[in-house]
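# Sequence first, predicted coordinates after that:
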Amino acid sequence: MTPVSAPPARLAQGQTPSALARQRGDAALLARRAAGDPRAREELIERFLPLARSIARRYEHSGEPLEDLVQVASMALVKAVDRYDASRGHAFSSYAVPTIAGELKRHFRDRSWTVRPPRDLQELTIKVERASGELWQQLDRAPTVAELAQAVGRDEEQVLDALHARMARGRLSLDGHTGDEDQPALQDRLGSVDAGFAQAESRATLDALLATIAPRDCEVIRLRFEEDMTQAEIGELLGVSQMQISRIMRQTLQQLRHVADQQQRIIEQRHSAPLG
C-alpha cells in the first residue's frame with residue numbers, strides 16, 4: 001500500500017525561506033511517519049514539543065501545576081502525531097493546536113474540579129482565568145469584573161459566577177499548612193467555641209423553669225424580656241394596670257429564682273453523694 005504524502009510546501013506571501021524550509025522538513029517527517037518510520041514519529045514529537053508547552057502555558061494561571069499541564073499537552077501532541085491524516089490537506093499544526101487545547105480543557109473538566117459546575121460554566125471559568133492573567137500583565141493590576149467581562153465577551157453576572165466557581169477548583173488538605181510550616185495545620189485552626197451551645201443549654205433550663213409558673217405569668221415574662229415591651233404596654237395589651245404587671249413580674253421572678261435554687265441544690269447533692 002502506497003503511503004499518503006503530505007501536501008507540498010509552497011512559499012506563501014510574506015513567508016520567509018527559513019519558514020518554508022521548516023514546513024518542508026515537517027512534510028518529509030510526516031511522510032516518513034505515514035510510511036511507518038518510528039524514528040520519524042519521535043522526531044515529530046520532539047519538533048513540536050515547544051508548541052505543546054506554549055499551549056500549556058496559556059493555562060498556567062488556572063491553579064493547576066504547570067508541570068501537569070505540560071504533561072497533558074505532551075500526551076495530546078503524541079495523539080495528534082498518531083492521528084494526523086495528511087490527505088485532508090491541512091497543516092499538521094492546524095490539527096495539533098485544537099487537539100492539544102481540547103485535551104487540556106478535558107483535563108480541567110474531568111480532573112481538577114472538587115465540585116463540578118455545569119460544563120459551560122467550567123469552560124467560562126477557564127477563559128476568565130486566562131483573561132485575568134493576560135490583563136494582569138497589561139494593566140499591572142488586578143482586572144475589574146467589567147474588564148474581564150469585556151475580555152471574554154460575557155456579562156458581569158456570568159463572570160462573577162465563573163469567579164465563584166473557581167473556588168471549586170482548589171483542594172486543601174486538612175493536614176496542610178495555609179502559610180509557613182511553623183503555622184498550625186488547617187485542621188487545628190478550624191475548630192472554635194460555639195456560643196450557641198451555652199445559649200441552647202440556658203434556653204432549655206429557662207423553658208423548664210417557665211413550665212412551673214402560670215400561663216398568664218409566663219406570657220408577661222415573655223412579653224417583657226422576649227418582645228422587649230414596657231410594663232405599660234403589657235398592661236394595656238392584657239387589660240390590667242401597670243402596677244399589676246409590676247407585681248406579677250416581681251412575684252414571678254422570685255418564684256423562678258426559688259425553683260432554680262432548689263434544682264441547683266438537688267444537682268449539687270447528687271454530685272457530692274458517695275458512689276455505691
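Done, it's in.
# Mind picking out the helix or strand in the protein with the poorest mean pLDDT?
Counting by mean pLDDT, DSSP states H and E, the chain has its least confident helix or strand at helix 186-190, which shows a mean of 56.
# For the helix or strand that that helix is followed by, list the C-alpha coordinates in CSV.
Next along the chain after helix 186-190, taking DSSP states H and E as the criterion, comes helix 195-210. Backbone C-alpha positions of helix 195-210 (Å, rounded to 0.1, in the frame of the first residue of the first chain) are rendered in CSV as follows:
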residue,chain,number,x,y,z
ALA,A,195,-21.7,30.3,71.9
GLY,A,196,-24.9,28.7,70.6
PHE,A,197,-24.3,25.6,72.8
ALA,A,198,-24.4,27.7,76.0
GLN,A,199,-27.4,29.6,74.8
ALA,A,200,-29.2,26.3,73.9
GLU,A,201,-28.5,25.0,77.4
SER,A,202,-29.7,28.2,79.0
ARG,A,203,-32.8,28.1,76.9
ALA,A,204,-33.6,24.5,77.9
THR,A,205,-33.2,25.5,81.6
LEU,A,206,-35.4,28.5,81.2
ASP,A,207,-38.1,26.5,79.4
ALA,A,208,-38.2,24.0,82.3
LEU,A,209,-38.5,26.9,84.8
LEU,A,210,-41.3,28.6,82.9
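# how far does the next helix or strand after helix 195-210 sit from the chain's center?
Next helix or strand after helix 195-210 toward the C-terminus (DSSP H and E): helix 215-225. Averaging C-alpha positions (C-alpha atoms, centre = their mean, to the nearest Å) puts helix 215-225 48 Å from its chain's average.
# Stretch 204-214 too?
Centroid separation between stretch 204-214 and its chain, computed with C-alpha atoms, centre = their mean, is 46 Å.
# Repeat that for stretch 232-247.
That offset, for stretch 232-247, works out to 56 Å (C-alpha atoms, centre = their mean).
# how about the helices in the protein?
Using DSSP state H, the helices found in the chain span residues 17-34, 38-57, 66-83, 92-111, 119-139, 145-152, 156-165, 186-190, 195-210, 215-225, 231-238, 242-272.
# Tell me the helices and strands packed up against the second one.
Secondary structure elements in contact with helix 38-57, counted by 3 or more C-beta pairs under 8 Å, 6 or more residues apart in numbering; DSSP states H and E, are helix 17-34, helix 66-83, helix 92-111. (Each C-beta comes from the backbone N, C-alpha and C, glycine too.)
# Please identify the buried residues of the second one?
Residues of helix 66-83 classed as buried under the neighbour-count rule (16 or more other C-beta atoms under 10 Å) are Leu69, Val70, Val72, Ala73, Ser74, Ala76, Leu77, Ala80, Val81.
# got it, and stretch 217-237?
By 16+ other C-beta under 10 Å, the buried positions in stretch 217-237 come out as Asp217, Cys218, Val220, Ile221, Leu223, Arg224, Met229, Gln231, Ile234, Gly235.
# The residues you listed into CSV, with extra columns for distance to Met243 and pLDDT?
Shown next, in CSV, are the buried residues of stretch 217-237 (distance: C-beta to C-beta, whole Å; pLDDT from 0 to 100):
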residue, distance to Met243, pLDDT
Asp217, 16, 89
Cys218, 20, 88
Val220, 13, 91
Ile221, 17, 89
Leu223, 16, 90
Arg224, 15, 90
Met229, 16, 90
Gln231, 9, 91
Ile234, 12, 91
Gly235, 8, 89
